[in-house]
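1. Pasted the sequence and its predicted model underneath.
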Amino acid sequence: MMMKYEGVKKIKVVNELERIVNYDEVVSNVLTMLALHGVNVNVDVVYSLFYLAMRFVNDGEISQETYKELDKQKKEHKLYDEVSRMLRSVKESFFFVYSNYIINNKGNITSITVRYYIITVLKNENLTVKVKVGQLDDFKGPNIGRVLQ
């Protein structure tokens, strides 16, 4: 079944990994799945993206106040707990895009490219969540949004 992502005009996902997990295991499984794709994962960035995506889904926007609250959560070392709490109460399924720099060295030539991954969190009826991580081969749309199943 093809997913419908809010605002996305074009999408082609390759090498998608999927797991059904408990709410408490969502972020750790996303980090593991990104690592399985060979991504050098920045844990703080992933938690920040989860926070922003869930705020967008719950509030309908990301404002300057949202970024201030995110910075406050980070400074007080409460972001991880806040994301865990928010995952249990998020209203809808959501997605966000994670990027990773790839550095290739061939002789005296170095090239830097960026790979993009879509992280999808699908709410289930019970206490589990379906989590998907896939590499984006083609994508035109926002970096954060709702999944319109």
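-> Right, received. Where do you want to start? Keep in mind that this is a model prediction, so the values were computed, not measured. Numbers count the residues shown, from 1 in each chain.
2. so what does the longest strand along the chain touch, helix or strand wise?
-> Looking across the chain with DSSP state E, the single longest strand is strand 109-123. Counting contacts by 3 or more Cβ pairs under 8 Å, 6 or more residues apart in numbering; DSSP states H and E, strand 109-123 packs against helix 26-36, strand 94-106, strand 128-140. Glycine gets a C-beta too; all of them are placed from N, C-alpha and C.
3. ok and the first one relative to strand 94-106, angle-wise?
-> Angle of helix 26-36 versus strand 94-106, following axes from the mean of the first three to the mean of the last three Cα atoms, to 10 degrees, is 30 degrees.
4. CA atoms only for helix 26-36, dumped as CSV, please.
-> In CSV, the C-alpha atoms belonging to helix 26-36 read as follows (Å, rounded to 0.1, in the frame of the first residue of the first chain):
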residue,chain,number,x,y,z
VAL,A,26,10.5,4.2,18.8
VAL,A,27,13.6,6.4,18.8
SER,A,28,16.1,3.7,19.6
ASN,A,29,14.7,1.6,16.7
VAL,A,30,14.9,4.6,14.3
LEU,A,31,18.6,5.1,15.4
THR,A,32,19.3,1.4,14.8
MET,A,33,17.6,1.4,11.4
LEU,A,34,19.5,4.5,10.3
ALA,A,35,22.7,2.8,11.4
LEU,A,36,21.8,-0.3,9.3
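5. Now tell me what touches the helix or strand following that helix from outside.
-> Sequence-wise, the next helix or strand downstream of helix 26-36 (DSSP states H and E) is helix 43-59. The contact list for helix 43-59 (Cβ atoms under 8 Å, 6 or more residues apart in numbering) reads 26-27, 30-31, 34, 62, 66, 70, 73-74, 79-80, 82-83, 86-87, 89-92, 94-96, 98, 119, 121, 144-146.
6. What angle do strand 94-106 and helix 43-59 make with each other?
-> Computed with the same axes, to 10 degrees, the direction of helix 43-59 lies at 150 degrees from that of strand 94-106.
7. In helix 43-59, which residues are buried?
-> By 16 or more other Cβ atoms under 10 Å, the buried positions in helix 43-59 come out as 46-57.
8. Next: stretch 79-98.
-> Buried, per 16+ other Cβ under 10 Å, within stretch 79-98: 79-80, 82-83, 86-87, 90, 92-98.
9. Would you check these and say which has the weakest pLDDT?
-> Among those, Val90 carries the weakest pLDDT, at 82.
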